[in-house]
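1. one predicted model, sequence on top.
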Amino acid sequence: MNPSTKHGLPTTRDCGAMQRRSSGLPAATVFAIGALVCASAFAQGNDPAKERERRLLEQVRRAQSAQQQLAKEKAELEKAREDLDAQLKSAEATGRAAQGRAGTLKREVDAASARLAEERANGERLKAELAASTEAARSAQKAMEARIQQLTTDNAETLRRVGLRETQLRTLQETSDERATRLDECTTRFDGVYRVGLELVEQLRARTAGQADPVFQFGRVEGFESAQTFRDRLDEQRFGKGLPRNP
């Protein structure tokens with residue numbers, strides 16, 4: 001038996017020693033453990049001292065282990081709280097950055113929307129201009145086609161008239177050629193008649209000269225005048241009046 005005990009019960013010194021052994025724990029916890037141990041020891045006054053001490057030490061170890069576990073959990077909770085605070089701060093910073101980016105994106109979206117609206121307006125304007133240009137081109141094409149059709153018709157009429165004119169010219173040429181041929185034939189025949197007339201005039205002169213008066217030559221003069229008059233008439237018919245004649 002421990003000499004410090006009386007009748008197998010822990011003394012005040014024993015309780016103080018237990019409190020000192022549990023000095024690593026908070027005071028209230030150590031005091032509560034000590035009171036519990038002392039109460040248990042006084043309640044079990046018949047137990048051997050070593051058993052009481054062993055049980056007391058076991059209880060102290062358990063209390064220390066529980067305290068250490070609590071301290072560990074407290075540290076973990078503190079660490080978790082610090083991590084959460086850091087995450088919260090990071091999230092707040094990320095949120096502020098995201099909010100800034102969102103504002104920037106919103107401004108960019110607004111600018112893009114304005115540009116899109118402007119492009120749409122320009123597209124509608126260009127579409128209207130294209131429609132007007134297309135309609136004008138169609139009208140011009142229709143007018144050109146009508147003009148081409150009219151020119152084609154006029155050209156066909158012109159070709160018809162040209163063909164008719166060429167036919168008329170060919171007919172006139174053929175008629176002219178035929179008349180020229182006939183004129184040549186008439187000229188040839190007339191020249192023959194003219195030569196015959198000249199021969200007759202010469203014969204008339206010769207005959208008149210043979211029948212003339214040997215003294216006064218009256219018959220010769222009359223015959224010569226008649227022959228000259230006949231030749232003048234032949235020359236007039238052949239060469240025209242007032243034109244030079246062959247002697």
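-> The structure has been received and is ready for your questions. Residues are numbered from 1 along each chain as shown.

2. lowest confidence element among the helices and strands of the protein?
-> Among the helical and strand segments of the chain, the one scoring lowest on mean pLDDT, DSSP states H and E is helix 12-21, with a mean of 50.

3. longest helix of the chain?
-> helix 49-210 (DSSP state H).

4. okay, now the unreliable bits of this protein?
-> 1-47, 207-227, 237-247 (pLDDT under 70).

5. counting by contacts, list what the longest helix of the chain packs against.
-> The elements that helix 49-210 packs onto, with contact taken as 3 or more C-beta pairs under 8 Å, 6 or more residues apart in numbering; DSSP states H and E, are helix 12-21, helix 27-43, helix 218-239. C-beta here means a position set from N, CA and C on the backbone, and glycine is covered the same way.

6. neighbours of residue 60, how many?
-> Using other C-beta atoms under 10 Å, residue 60 has 20 other residues around it.

7. same question, the one 5 residues further on
-> Neighbours of residue 65 under the rule other C-beta under 10 Å: 10.

8. how far away is it from residue 72?
-> When distances are taken as C-beta to C-beta, to the nearest Å, residue 65 and residue 72 turn out to be 10 Å apart.

9. mind checking how far residue 184 is from residue 190?
-> Computed with C-beta to C-beta, the distance linking residue 184 and residue 190 is 11 Å.

10. oh sorry, the question was meant for residue 234
-> As for residue 234, its distance to residue 190 is 10 Å (criterion: C-beta to C-beta).

11. of these two, which one has the most company?
-> For residue 234 against residue 190, the residue with the higher neighbour count under other C-beta under 10 Å is residue 234, and the figures read 20 against 15.

12. list the contacts of the more buried one.
-> 194, 197-198, 201 (C-beta atoms under 8 Å, 6 or more residues apart in numbering).

13. neighbour count and distance to residue 134 for the residues you listed - can I get that in CSV?
-> Converted to CSV, the contacts of residue 234 look like this (neighbours: other C-beta atoms under 10 Å; distance: C-beta to C-beta, whole Å):
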residue, neighbour count, distance to residue 134
194, 18, 84
197, 18, 89
198, 16, 90
201, 17, 94
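
14. out of the residues you listed, who's nearest residue 148?
-> Distance to residue 148 across these (C-beta to C-beta) is lowest for residue 194, with 64.3 Å.

15. can you tell me how far the closest one is from residue 183?
-> As it turns out, when the distance is counted by C-beta to C-beta, residue 194 lies 15 Å from residue 183.

16. ditto for residue 141
-> Distance, residue 141 to residue 183, by C-beta to C-beta: 59 Å.

17. residue 117 now?
-> On the measure of C-beta to C-beta, residue 117 and residue 183 end up 94 Å apart.

18. cool, residue 229 as well?
-> On the measure of C-beta to C-beta, residue 229 and residue 183 end up 28 Å apart.

19. repeat that for residue 137.
-> Residue 137 is 64 Å from residue 183, where distance means C-beta to C-beta.

20. same deal with residue 163?
-> When C-beta to C-beta is applied, the distance between residue 163 and residue 183 equals 29 Å.

21. got it, and residue 133?
-> In this structure, residue 133 and residue 183 are separated by 69 Å, where distance is defined by C-beta to C-beta.

22. repeat that for residue 64.
-> Distance of residue 64 to residue 183, computed by C-beta to C-beta: 163 Å.

23. more neighbours, these two?
-> Between residue 64 and residue 183, residue 64 has the larger neighbour count (other C-beta under 10 Å), namely 17 against 12.
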